[in-house]
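[1] Have a look at this prediction, sequence included:
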Amino acid sequence: AQTVTQSQPEMSVQEAETVTLSCTYDTSESDYYLFWYKQPPSRQMILVIRQEAYKQQNATENRFSVNFQKAAKSFSLKISDSQLGDAAMYFCAYSRNSNYQLIWGAGTKLIIKP
Amino acid sequence: GAGVSQSPSNKVTEKGKDVELRCDPISGHTALYWYRQSLGQGLEFLIYFQGNSAPDKSGLPSDRFSAERTGGSVSTLTIQRTQQEDSAVYLCASSLNRGSQETQYFGPGTRLLVL
């Protein structure tokens, strides 16, 4: 069975600095999708970034980028120039294809210090 | 256009009562998912609807949980004889399901509290 592990229950970073959130996963599939979602206090899950496993190039979205290490089954999220609005729970998720159930990590609470 | 909407936003009920939670997906989205998020934890898959196909119910935790999707649009998640351990946020998501680039878009969830 596939599993997703986020080993950092909470992280804090100074505003404008860079922070990296860790995620590891376990799967026997060779093709799959990985996601980072953000959940602010409003509860609404917002997609931050996604990565297709067959793509070697790391995905980037503005200040957000990932370090995808397929052999190590690692998928970390780097947030550059942290902003107060980045404060939220961040969840790493896995799907064996893009239209199937997501399997989630337990989340990392990100605190931004002004 | 409008995003995924869910109602009610919050629901408080007594143990043993039945509850219905509603999800309105984004118009045109053929795939619909229900997840449960318990306090301080990640999301747990419950059920998945895809068009007119039989739903994937593999995540439903017990036979007290059921869901239906009428006309390929609105979905209702029903919990019968609620228990305190059912207290959680129930999230609904939808996606287009027309290719490999689809993203699941989430609603704001229904927070259920069983007393």
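    Looks like it arrived, so ask away. Please read these numbers as outputs of a predicted model, since none were measured by experiment.

[2] which residues of the chain fall in strands?
    You didn't say which chain, so I picked chain A. Applying DSSP state E to chain A gives strands spanning A:3-5, A:10-14, A:19-21, A:24-26, A:33-39, A:46-52, A:60-61, A:64-69, A:74-79, A:88-95, A:103-104, A:108-113.

[3] that's the wrong chain, I meant chain B
    B:5-7, B:10-13, B:19-24, B:31-37, B:43-50, B:65-69, B:75-79, B:88-95, B:105-106, B:110-114.

[4] who's in contact with residue B:106?
    A:37, A:44, A:45, A:46, B:4, B:91, B:92, B:93 (Cβ atoms under 8 Å, 6 or more residues apart in numbering or on different chains). Where you see a C-beta, it was placed from the backbone N, CA and C, and this is true even at glycine.

[5] Neighbour-wise, give me the winner out of those.
    The residue in these with the most neighbours, by other Cβ atoms under 10 Å in any protein chain shown, is residue A:45 (29 neighbours).

[6] Help me confirm that it comes into contact with residue A:39.
    Yes - proximity of residue A:45 to residue A:39 meets the contact threshold set by Cβ atoms under 8 Å, at 5.3 Å.

[7] got any residues that touch both of the two?
    In contact with both residue A:45 and residue A:39: residue A:91, using Cβ under 8 Å, 6+ apart.

[8] Find me the pLDDT at residue B:1, would you?
    pLDDT, the model's per-residue confidence, is 54 for residue B:1.

[9] typo on my end, it should be residue A:99
    So, for residue A:99, pLDDT stands at 56.
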